[in-house]
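Undergrad: Following is a predicted model, sequence given first.
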Amino acid sequence: MSGRQNKRATAAFVLAAVVPIFLLLLSLNIGAYRIPPKAVFSTLVGAVFPGGVAGGPSAYADILFRIRLPRLLLALFAGAALAVSGASLQAIFKNPLVFEFSLGISYGAAFGAALSLVFLGHKVPAQAAAFVFAVVAVLAVLFIAGKAASQVVTILLSGVIVSALFQALLSLVEFFANPYALQSLIFWLMGSLAQADWKDLGVTLPVIGIGVTVLILLRWRMNVLSLGDDEARALGVNIRREKITVIILAALITAAATAVTGVISWVGLIVPHLVRMAVGADNRKVIPLSAAYGASLLIVADDIARSAASFEIPIGILTSVVGIPFFIVLLKKSGKIWL
Amino acid sequence: MAVKIRVEDLHFSYGDFSLRVVGQMFAQARVTSIVGPNGAGKSTFLKCLAAILSPSRGSVFVDGRNLAGLSGKSRARLVGYVPQEPAFTFNYSVLDFVLTGRAAFIPVFSSPSRHDIAAAEAALGYVGLADFTSRPFFELSSGERRLVLIARTLAQEPDILLLDEPTTFLDPRHEIEILELIRRLATEMGKTVIVTLHALDMAVKYSDEMVFMKGGGIVAAGRSTDILSEDLLKDVYDIEMSILTVNGRQLIVR
């Protein structure tokens, strides 16, 4: 790594430690109901040190702690999950174009969650159903790709097939859903953090937290797994076991996020790519930085979704509308060389 | 001469091709070159020796221990494999790439320690690329890439190095640079080196022993002065070649 890139990496890590928390605190001030920044501060301090500084009116505390904070924490964790999942999958598939969306994981998870919401009436938690179908999707992609799974085109085409299948199954769920369920299902599918409540987060946040932590611990190993299979085997690596571990963790955190947020695409592709452009390809940096910047990106995207118009723009639409042209520019600029 | 590797009744097949090596020994701290026409099974044999491919029958013993019975980590500390070209997508720095050679020493959930970094830097120094640590791998020439691949395998600290056509597509200067490095690995570091080569002259000059392969089997093995003959070359390559001896050195003329 060059000296310039070294400096950039140091700066990126310093910012990564500060930016997500700063954005979270800043975003607590954004919302339809205006709360003065001073009141936000005093309510927060009042919650941390009860009996100390006087908190604001109780409505402020309700809005901040029941609506905004869970929503922002979901943005933080879901953004980290999607970006880390994308970066990890790109490493082990040796393919910078792969992410949870192109491997069918997103639509697999969405189908599972929809099935739970519409037909199972929460008897099977949406997270569990989302995880099962996310794993089914990725296994189906690997099965279809067969021995050519390490080839870029094969894996992408297999992902397209599996995504199409789960989209069709999702349409079937929509077809049979009652009008009320259908409306909330469609809105949820567009991606939204509005559903965040502490009950769901009680499951989602620990699952994402553990999954992301383990993937961050595996960060250097992903450098080894991104080599050719023959090479990695000759280096003493149990490729099958380690790759399956990464795939299951990536599917788990994507499913945990998707089950609450709906389909939010492109984060897993764009964030790791930007990080690689800034600090190089070493996964020791890419994986943890993707977590921090994925979290930051989703907080900003949600702020825009909430405040750009008088109504809430579904965040999944926003990330796609911004993400796709952004990605096209990246693709044109990078030519055939990928970092 | 101590035997480092013993191959017993090795069978491996895929599609129409099958490799069968009844028996073969490789001496410690010697360079053995495996030669033969395309499709003779050289690379397949090498991958079986590296335990990258699992033979359907037979065994490879290193210091009397069956490779198939060892864990991946233990195997990696005994046998290192140098592919022709690395198969990776991401543009790692040379040091990051060489560090992957330390995988057998680093627990799954850990990252390289200072000791690992020192080992990788020492390996790069040994192949003459001490100043290349921060260079992006994709910017290296073919010759430099081959040296980095060898450095990675040295960082792995194996007793045995298996190199798959390390000189293919290289200009004469880089070809000789690599072959001289390979000789030093045996003479200076005491490594047992097995290398597949196409250039017969170079194989004769730089190896202690030669193994001739054809159609998935070994046709002849031993010191070139003992086994090399025009009849053998005709049999293996199916073309006429002459052997000239100049100043005690065998030259092959097509």
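TA: Sure, I can see it. For clarity, every value in this text was computed on a predicted model and none was experimentally measured. Residues are numbered from 1 along each chain as shown, chains lettered A, B, ... in the order given.
Undergrad: which residues touch residue 212?
TA: I'll assume chain A. Going by Cβ atoms under 8 Å, 6 or more residues apart in numbering or on different chains, A:Val212 touches A:77, A:80-81, A:84, A:253, A:291. Every C-beta, even on glycine, is put in place using the N, C-alpha and C of the backbone.
Undergrad: not quite, I wanted chain B
TA: Contacts of B:Phe212 by Cβ under 8 Å, 6+ apart are B:35-36, B:218-221, B:227, B:232, B:236.
Undergrad: Who wins on neighbours among the contacts of A:Val212?
TA: Counting neighbours by other Cβ atoms under 10 Å in any protein chain shown, A:Ala81 comes out on top of these with 35 neighbours.
Undergrad: would you list every one of the helices in the stretch 1-150 of chain A?
TA: Using DSSP state H, counting those that start in this stretch, the helices found in the stretch 1-150 of chain A span residues A:3-27, A:37-48, A:58-62, A:69-92, A:105-118, A:126-145.
Undergrad: any idea of the mean pLDDT in the fifth one?
TA: Pointing back at helix A:105-118 there. For helix A:105-118, the mean pLDDT works out to 89.
Undergrad: Quick one: list the elements packing against that helix.
TA: helix A:126-145, helix A:152-176, helix A:179-189, helix A:239-261 (3 or more Cβ pairs under 8 Å, 6 or more residues apart in numbering or on different chains; DSSP states H and E).
Undergrad: The second one packs against which elements?
TA: Same thing as helix A:152-176. helix A:105-118, helix A:126-145, helix A:179-189.
Undergrad: Dump these into a markdown table; add mean neighbour count as well.
TA: Formatted as a markdown table, the helices and strands packed on helix A:152-176 follow (neighbours: other Cβ atoms under 10 Å in any protein chain shown):
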| stretch | mean neighbour count |
| --- | --- |
| helix A:105-118 | 28 |
| helix A:126-145 | 23 |
| helix A:179-189 | 15 |
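Undergrad: Following element in sequence after the helix ranked longest in chain B, please.
TA: The single longest helix within chain B, with elements called by DSSP state H, is helix B:172-187. Per DSSP states H and E, the first helix or strand lying C-terminal to helix B:172-187 is strand B:192-196.
Undergrad: In the sheet, which strands lie alongside that following strand, parallel or antiparallel?
TA: According to DSSP bridges, strand B:192-196 forms sheet pairs with strand B:31-35 (parallel), strand B:160-164 (parallel).
Undergrad: contact partners of it?
TA: B:4-5, B:26-35, B:42-43, B:46, B:49, B:159-166, B:182, B:185-186, B:207.
Undergrad: B:Ser13 belongs to a strand, doesn't it?
TA: Yes. Counting by DSSP: H, G, I helix; E, B strand; the rest coil, B:Ser13 is found in a strand.
Undergrad: what residues are up against it?
TA: If you count contacts by Cβ under 8 Å, 6+ apart, then B:Ser13 has B:19, B:56 around it.
Undergrad: mind redoing it with 10 Å?
TA: Shown here is B:Ser13, whose contacts under the criterion Cβ atoms under 10 Å, 6 or more residues apart in numbering or on different chains are B:19-20, B:44, B:55-57, B:216.
Undergrad: hang on, the earlier thing: mean pLDDT lowest for which of the helices and strands packed on helix A:105-118?
TA: helix A:179-189 (a mean of 82).
Undergrad: Direction-wise, compare whichever helix or strand comes after it with helix A:126-145 and give the angle.
TA: Downstream of helix A:179-189, the next assigned helix or strand under DSSP H and E is helix A:198-217. Here helix A:198-217 points in a direction 40 degrees away from that of helix A:126-145 (axes from the mean of the first three to the mean of the last three Cα atoms, to 10 degrees).
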